[in-house]
Every structure is written in structure tokens, then in C-alpha cells.
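>>> give me coordinates for this.
(2 chains)
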Amino acid sequence: MKPAKLKYVRAETAEHAVELLGEADATARILAGGQSLIPALSARSITTSFLLLDIMRCPGLEDVSETPGEITVGAACRQSRIELSTLVRQSIPLLSEALGWVAMPQVRSRGTVVGCLAQANTGGEVPVVSLALDAELNIVSRGGIKQRMPAKDIYAVETGTRLPTRSLIVSASFRTLAAGEGWGFSEVQLRAGHFALVCCAATLLLDENGRIRTARIALGGLTANPYRAVRAEKGLIGEAPATTHYAAQTASAERPWPARTDLHATAAFRAKVAVAAVARALTDARARCSKQTGATHDSA
Amino acid sequence: MTAPDPGPQKMVWDDSNESRTALNVTVNGKQVQTLVADRLLLSDFLRDHLGLTALKVACGEGACGACTIVIDGELARSCTLLAVQTDGAEILTLEGLNAPQGLNHVQQLFQQHHALQCGYCTPGWLMSVYSMIKRSIHPDSAEVGQYLSGHICRCTGYRNIWTAIRRALGATNDDPVSGKE
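Residues are numbered from 1 along each chain as shown, chains lettered A, B, ... in the order given. Alright, predicted model coming up:
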């Protein structure tokens, strides 16, 4: 029995969980799939006696819903279910692909998609995808106050997140890909199933002349939190999709925070790997693009 | 191996201030109703309380796969779950797959292909193979590599394990493929 003493409570509803969270002291935590939290408890990285609020049985949190332009994934949806969902594979294959890089099948069966977003582990794939897909998190706070926060605001800090305290992410809404929009996800891992040394999610949409209309590039692992490579994206607009190497260089260089050095890689090495990862994701995105209606010739 | 009578056992580290929760689970087809400490890991519950010691605890953080079991038809690490999280679940451990006598088919393949040496990681592999067979995963699909990545073996290298698994999935040759479809 490795975790320190704790109290486990099954929340009845999302609102109930938030109320309990509000009444408890700051050591209370939401427990979803627990694939990051339980190991942290076992390692005693978290040692204070506290309250775990299990949200997996709250009604509605297992739902996956589709509205025009977006798919909303409930907080109790496990990664493997979303990875293999036909709806997700068709509408946001980028998310499905990225989930295939999250840990191993034996862990994805328990871990949740929204848990990845809340946990925001460095090198985690889902936060990176959430940036490329302009995801918005649906959050409930005490008193039933609901808010919708863009993922880009949540990860706009060097470490940690800007998630409001004592609140619960009930679901995350990912935009579906536009018609003809190409996507790519690339990752460099030290060993299959590990967190990314570096990973990149990219999407490209071409105009009727086969030039890039919109580009999205999100990079993770290089810095503690993922970021959108906005300058690289802007530089691509109006360009032929073949000219992506400069964008890959820019995407790595424009990091808003210092590149990470750890046991596995220096900052300089990570920055180089990031260039390759972006180039690969953009190449895949380009290959999956189809021209908008009215296009006559693909300059790529 | 048969499990001793399930029920709450007094453990040396038990403490009267411990918060406990009722737990009802089906383990290898048998109903278990008990009260467990909230912080008790599922792996420790199965091993120490139910005597189901086929699963092994090694890394304790979900990385190595030695504690892999099946919960409600899905593979899971038993060391990264609290026992109380699985209330109402149907749990299958290797004991539930054992042949009445001798080795079951997959165990025989592991033996035949020298897919184990010390055997510590083997119960976990066998659970993953069980799940792969249930899902009719093709022996040459890239998914095989994904499942393999969920287990660490420090003795054999993985080639023999791969061969045994491919055989278990219906392959008719021993050549491991590159992992690419």
C-alpha cells in the first residue's frame, strides 16, 4: 500500500464534485482515469493527506457529442475509446492518431482524454493537439458557474496551467477538420509509449490556387508547456505547401520559453529534433490536403 | 492456484484511522464483497488480500506491465488503480486463464519459443496476449508492436516473445516482422 493516507469519494454529479472540491482544503483532487495521479501518489510525490474525488461515474461525463464544427469529449471518456471511435477517426483523425502515441494500449484503456489536458504533463500529446484544433475546455466552478476556456489560454504559462482552481473540466470541445484540410502528427520518443521528447501537430488548408490559406502548428516537449508556432504559421500563409522547411526552423526558434534540458536531451538537441518533427508533421499535412473547390492546379 | 477465501485481512500496516470503502467486484468469476482501505492499490488487493499472486508488482507506475490484468474486458495496469475505483467491475487475472492442469495454449507457445527466462514479466504478457486474441489482432499488424511496448522484459530480449505472440495470434512462421504494416 504505497500511497499516503487518503479519502476516496465518488462524486455523484459534476456539480457535486465541484462543491466537495470547494468545501475541502487545497489538497483535494479530482480523480479521473488516475494514470498519472495514482503513480504520483505511489511515488509519494504527493504526500499530504487528502481527498480524492472520483468523477468517472458522474452522469453525462462519458458522452461524446457532435455539433456542427466540433466534437465534445466528456471528462470520463477514456483514451482508447476516443482513439478507436469512428466519429473521431472521421472528423478529427489528428486526435485519433495522437492518442495512439499516448502511453500504451494497456494504459489508454484507463486514462482519459480530458485528464491529459488537466494534467498537462510535459511531452503529453493531447495538449498539443488541443492547441492545433483550437480546443476549448468546458469548466464548472463552485456554484455551478460554467465557463469555456480556450486551450491556448490554459497553456499560456511556462509551467503549470491557467486552469481555475477548485474547478472541474467537464468536457473538451475540439474543432473538426475542414473539408480538404490536411493534418499531420509527428513524435520522437526515446522508447515506445514514453512521453514525447518532442511532438508536433499541424494542419494545413489550401486555397483554390493550391496556396496555403491557414496553417496551424503546435509543438510539445520542447518547452515545459506546448505552444502554437504563430510566426511560422503566418509565414506559411499564401505560400506553396512545398516551402515548409523555413517554417519548421521558425516554429522551433520562436518558442516562448526556454527549451528544456533533462537527462535525455539537451535544449539544443531538442530544438533540432523539433525542427525535424515540425517538418514531418507539415509534410504529412500537405500530403493529406486536398484543394478547395475550384482549384485547377496543385503547385505542390 | 486457488485463491484463499476472500475477505478483509488485517495487514501489518493497517491503521484504524484509515478511510475505507466497500468494494464489490467479480474476480475470475467469483463475487468478492469486502471493505478496503481507500489507498489500497488494486495490485496489492489482488495479491495480498485475494492471494492472486500471478500478477507481479515491479515499477509501480504503469510502465513495466508486470501487473497487467483485464478489467471489464480491457487491459489495465493493476498498480495504477486504487482497488475502490474498480467497484462493480469484472476482473480477470491470469489465474482465471490457467488450464485446469498444465499449461494453457499460449503458455505452451511461450515455453516452446523460449519467450521467458525468469518469468517475472510473463503473467503480464499473457494477459495482453489474451486481449489481443480476443480482439483478433493480426499477427503482422503494427498494433502488435503497440501492445509489446506495454511490457518490459529484462531477460530474453523481445524477439522470442514476439515470435510466441505472433504464433498465438495465428502466424504460421517464426519470422518477426519489423512492426510496420
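>>> going by C-alpha atoms from here, please, whenever you check contacts or count neighbours.
OK.
>>> from memory A:C289 sits against A:W183, does it?
Yes - judged on Cα atoms under 8 Å, A:C289 makes contact with A:W183 at a distance of 7.5 Å.
>>> what mean pLDDT does the helix or strand that contains B:V32 have?
Element membership for B:V32, per DSSP states H and E: strand B:30-37. Taken as a whole, strand B:30-37 has a mean pLDDT of 97.
>>> what are the contacting residues of stretch B:128-141?
Contact with stretch B:128-141 is made by A:106, B:68-70, B:73-75, B:106, B:143-144, B:147, B:165-171, B:177, B:179-181, as judged by Cα atoms under 8 Å, 6 or more residues apart in numbering or on different chains.
>>> ok so, going back, which one of A:C289 and A:W183 has more residues nearby?
Neighbour totals were compared for A:C289 and A:W183, and A:W183 leads with 28 against 20 (other Cα atoms under 10 Å in any protein chain shown).
>>> pretty sure that one is in a helix, no?
No - using DSSP: H, G, I helix; E, B strand; the rest coil, the secondary structure at A:W183 is strand, not a helix.
>>> identify the bridge partners of it.
Going by DSSP bridges, A:W183 is paired in beta bridges with A:T203.
>>> ok, it - contacts?
Going by Cα under 8 Å, 6+ apart, A:W183 touches A:L94, A:A201, A:A202, A:T203, A:L204, A:A281, A:L282, A:D284, A:A285, A:R286, A:R288, A:C289.
>>> related to what we said a few turns ago, the strand holding B:V32 pairs with which strands, and in what direction?
Strand B:30-37 has these strand partners (DSSP bridges): strand B:20-27 (antiparallel).
>>> after the worst-scoring helix or strand of chain B on mean pLDDT, which helix or strand is next?
None of the helices or strands of chain B scores lower by mean pLDDT, DSSP states H and E than helix B:142-148, at a mean of 93. Proceeding N to C from helix B:142-148, the next assigned helix or strand is helix B:159-168, under DSSP H and E.
>>> so which elements touch that next one?
Packing partners of helix B:159-168 (3 or more Cα pairs under 8 Å, 6 or more residues apart in numbering or on different chains; DSSP states H and E): helix B:105-112, helix B:122-134.
>>> ok, and what's touching it?
The contact list for helix B:159-168 (Cα under 8 Å, 6+ apart) reads B:105-106, B:109-110, B:112-116, B:129, B:133, B:139-140, B:148, B:173-176.
>>> quick one: buried ones out of the residues you listed?
Using 16 or more other Cα atoms under 10 Å in any protein chain shown as the burial test, these include B:V106, B:L109, B:F110, B:H113, B:A115, B:L116, B:V129, B:I133, B:P139, B:D140, B:L148, B:P176 as buried.
>>> and those, which two are the farthest apart?
Spatial extent of those (Cα to Cα) is set by the pair B:L116 and B:D140 at 21.1 Å.
>>> that older thread, check which helices and strands the least confident helix or strand of chain B is in contact with.
Where contact means 3+ Cα pairs under 8 Å, 6+ apart, helix B:142-148 is packed against helix A:105-108.
>>> quick check: mean pLDDT across the helix or strand just after the helix it packs on?
Next along the chain after helix A:105-108, taking DSSP H and E as the criterion, comes helix A:113-119. Averaged across helix A:113-119, the pLDDT comes to 97.
>>> which parts of helix A:113-119 are buried?
For helix A:113-119, using 16+ other Cα under 10 Å, the buried residues are A:V113, A:V114, A:G115, A:C116, A:L117, A:A118.
>>> so which residues make contact with that helix?
So helix A:113-119 is in contact with A:32-33, A:36, A:73-79, A:82, A:124, A:126-127, A:163, A:169, A:171-172, going by Cα under 8 Å, 6+ apart.
>>> which outside residues touch the helix or strand that it is followed by?
Heading C-terminal from helix A:113-119, the first helix or strand you meet, by DSSP H and E, is helix A:125-132. The contact list for helix A:125-132, computed with Cα under 8 Å, 6+ apart, reads A:94-95, A:98-99, A:101-102, A:113, A:116-117, A:120, A:136, A:151-152, A:174, A:195-196, A:199-203, A:216-220, A:226-228.
>>> cool, stretch B:18-33 as well?
With Cα under 8 Å, 6+ apart as the criterion, stretch B:18-33 contacts A:5-8, B:6-7, B:34-38, B:83-84, B:86-93, B:95-96.
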